[in-house]
Structures are given as C-alpha cells and as structure tokens.
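Colleague: Dropping the sequence and predicted coords here.
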Amino acid sequence: MAANAHVITMGLNSALNADIAAWFKQFNFLPPLGLTQARLDAVTSNVSFVHLLELVAASPHDNFILIIHGHEDGSGLWLKLTQAQANPHTTHHDLQRLMDLDAGGTAMSAKDYSIMGIARADVAKILQLRHKVLEKRIDCIEFRSCNLGRNKLSLDRFRQFFGARRAGAPDLHTVFGHVPILLGAELMKHHTRYHTGSGHWETYNFPSALGPPTLVACFALNNLAKPEFGGHIATESASVLSDWIQRYVKKSGTYSSGNMAMHALWAADRIVAPKTKGEKERRVAAAIIMEPEDASVPLGGFGPADDIRRLVLPLSENYAKHIVYSK
C-alpha cells in the first residue's frame, strides 16, 4: 500500500519534530505499508485531542500518520482531550464512553465528567468534530505512538472513533533520530571515543554480532533504556553505508553526505532476544520476545551482559511483526 498521507505530530519537542521532518525528507516512507508524506504539521501549541480532530477533519487527505506520545500500557495517548482538561491523557475508555453516548446511550453522569476532566460543552464539541471526521471515511491511520499496539482493544477503539478502515500502531517504543556519520577506517576503529557523557551506550554490529563488523550503529540510552542523548553510525565508506540503508532502512535509499535520519522501533521494557539453546534460554523471562529469525540472522548489538537486542530497523521482519493492525 503506497499512498500519500498527512503526517501530524502533536505535543513533541522541537528536536524530535526536526528528527521526524528529516526522516520524511530523506526517506519519505513509513513501513510496513509504505505510506509517504504529502504534508507535515508539527503542532506545538493548542495541543489537544480536540485540535487533532479539527486538523483531521480539515485535511484533504484520507490517510494519516499520527505521531503522539503513547502510554506504556497501550491504553491511550499523552494528549489532553481539551486544553482545559485536568488529566493529561486521552484513553480508550474516554473514547468508548463518548461513542456510547453518540450511539444514543445513557447521558453523561457527574462521575463521567469528573473522571474525564471535561465539561458538557466539551463533549458536544468533540462529538460534533467526530461526525465531521467520520464523513471523511478515512482509509488508514498509522499511529507511531509508543506502545499503543500493545492493547488491541485500545487501538480498535481509536480506529472506530476516527471511523478509519484500518489503524496500526507499534507495541514497542518508537524512535526517530538524526545521527552523525563517521566515515573511514580510523573513525570506525576508534568510534567509541565519541561515546561521551555519563549515560550507557549500546553498539550494534553489522552484518553480524559474531564477526568483525563492516558497520556499527551506536545509541546513548537514558535511565529507561531508550535512545535519547545521542548516537552515530560508523563505517569505512559511503558505499557500505548505502548498501546497509538498502538492506535495513529503505530499499531505494542511498547516502551522500551529512547526518542521516533514523527511524526504528526499540524494545525498552520488552527485550528482543536471540532464540538459541543453552545459557541464553535459561535467562529467558516472560518479558522477552523470542523471534525465530534471530537464530539465523543475528543483526548484532546483543547487549554486552545479557545478549539482548533492542533495535528493530524498518526493513527487518521484526518491524512488521510489531506493528499491530485493527480493521
């Protein structure tokens, strides 16, 4: 499915918005369906679910990529229903209550208003906007809201509220970045000298964790084991980097110069581990995702202590597995 989409980011900081814009400028596609950016709006004021509905209703497009912070448990978005809402979130419970009311269900009670943190006039406005959005008959919404795909009921309620034929979301953390490229044998050999700061750095060796790398991708992690403080890619030549891009990032992608935009899924609290026999299997817990292809294609970067892998690149089989769809 290659189609144009309206990309809307909401409530993100300026650095992350710049990273997202760089990704769509350099590679302009979102796996696994392959939606491309026709328009990008980075919303940093009037941040609310109501304003999101206004933007969607006014858009000439019928496909959307919505990039908004999500709850760790997949229950919704870190986005106020209205700017005046007391609670800084929109959950699938909120949307279901509003849809029940819209379908002729029982009137909102004082308790409902208190739980949702909105007023009677807010409900009327939200439902009015919802009707405008439903009239659009949206084809697809690709959420890149962290973890929204973990809760299929939640994802389906968001899809129903927008009236979309299909909606997808990751069940992992979403990463966008813009990283320096270190080219040349000496820079690659000594790339760890750029691992500055007090945070933990994680290095991914390509093509395999089991042999000398031709390329390394490194990330500085915060205390939640998520990329935040920096990173880089190091390799001996631009041609090696272009080959790596075409295998793991975008089939038609190439590298010419400057920093490179990055997008990936990232297993933070859920660990992607290689499925092998012996000691590694003994360490496997319920939180670890076992991917069969990891046994034959070790992408590298298995964590130094526990042989874990967190990086899930766009063209990997694992990326498509961790985008959950409701339709």
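Modeller: Yes, it's here.
Colleague: which residues of the stretch 151-300 of the chain score low on pLDDT?
Modeller: Scanning the stretch 151-300 of the chain for pLDDT under 70 picks out the ranges 269-300.
Colleague: Please give me every residue in contact with the residue nearest to Ser14 when sequence neighbours are not counted.
Modeller: Closest residue in space to Ser14, ignoring its immediate chain neighbours: Thr44 at 7.3 Å, by Cβ to Cβ, 6 or more residues apart in numbering. (Each C-beta comes from the backbone N, C-alpha and C, glycine too.) Contact analysis of Thr44 by Cβ atoms under 8 Å, 6 or more residues apart in numbering lists 11-12, 14, 17.
Colleague: what about Leu33, how many residues close to it?
Modeller: A count of neighbours around Leu33, defined by other Cβ atoms under 10 Å, yields 18.
Colleague: my guess is it contacts Gly168, does it?
Modeller: Yes - counting by Cβ atoms under 8 Å, Leu33 does reach Gly168; the two are 7.3 Å apart.
Colleague: okay, and the common contacts of the two?
Modeller: Joint contacts of Leu33 and Gly168 (Cβ under 8 Å, 6+ apart) are 140, 142.
Colleague: Phe143 is in contact with Thr174, correct?
Modeller: No - with contact defined as Cβ under 8 Å, Thr174 and Phe143 do not form a contacting pair (9.1 Å).
Colleague: higher neighbour count, the two?
Modeller: Legend: neighbour count by other Cβ under 10 Å for Thr174 and Phe143, higher for Phe143 (24 against 21).
Colleague: Got the confidence number for that one?
Modeller: Predicted confidence (pLDDT) at Phe143: the value is 98.
Colleague: who's in contact with it?
Modeller: Counting by Cβ under 8 Å, 6+ apart, the residues that Phe143 touches are 66-68, 70, 149, 155, 158, 167-170.
Colleague: ok so, going back, list buried residues within the contacts of Thr44.
Modeller: 11-12, 17 (16 or more other Cβ atoms under 10 Å).
Colleague: Nearest to Arg137 among those residues?
Modeller: Nearest to Arg137 out of those is Gly11 (Cβ to Cβ; 26.8 Å).
Colleague: Give the closest residue to the closest one in space, chain neighbours not counted.
Modeller: Excluding its sequence neighbours, the residue lying closest to Gly11 (Cβ to Cβ, 6+ apart) is Val47, at 4.5 Å.
Colleague: Tell me which stretches of the stretch 1-150 of the chain form strands.
Modeller: 4-10, 36-43, 63-68, 76-77, 90-91, 140-143 (DSSP state E, counting those that start in this stretch).
Colleague: any chance of those strands in a markdown table, plus distance to Leu134?
Modeller: Putting these into a markdown table (distance: least, Cβ to Cβ, whole Å) gives the following:
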| stretch | distance to Leu134 |
| --- | --- |
| strand 4-10 | 17 |
| strand 36-43 | 21 |
| strand 63-68 | 14 |
| strand 76-77 | 19 |
| strand 90-91 | 17 |
| strand 140-143 | 13 |
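Colleague: Would you mind saying which of those lies nearest Ala185?
Modeller: It's strand 36-43; of these, that one is closest to Ala185 (Cβ to Cβ) at 36.2 Å.
Colleague: That closest one to strand 4-10, inter-axis angle?
Modeller: 20 degrees (axes from the mean of the first three to the mean of the last three Cα atoms, to 10 degrees).
Colleague: List the buried residues for strand 36-43?
Modeller: Under 16+ other Cβ under 10 Å, the buried positions of strand 36-43 are 36-38, 40, 42-43.
Colleague: and it with strand 63-68, angle?
Modeller: Going by the same axes, to 10 degrees, strand 36-43 makes 40 degrees with strand 63-68.
Colleague: quick one: the helices in this protein?
Modeller: Per DSSP state H, the chain carries helices over the ranges 14-26, 49-58, 92-102, 110-116, 120-136, 152-162, 185-189, 238-248, 279-282, 317-321.
Colleague: coming back round to it: right, and out of the buried residues of strand 36-43, which lies closest to Thr82?
Modeller: Val43 (14.5 Å).
Colleague: you'd agree that closest one is up against Leu55?
Modeller: Yes - counting by Cβ under 8 Å, Val43 touches Leu55, with 7.3 Å between them.
Colleague: so what's in contact with those two at the same time?
Modeller: Joint contacts of Val43 and Leu55 (Cβ under 8 Å, 6+ apart) are Ile8.
Colleague: What about Ala234, how many residues nearby?
Modeller: Ala234 is flanked by 24 other residues according to other Cβ under 10 Å.
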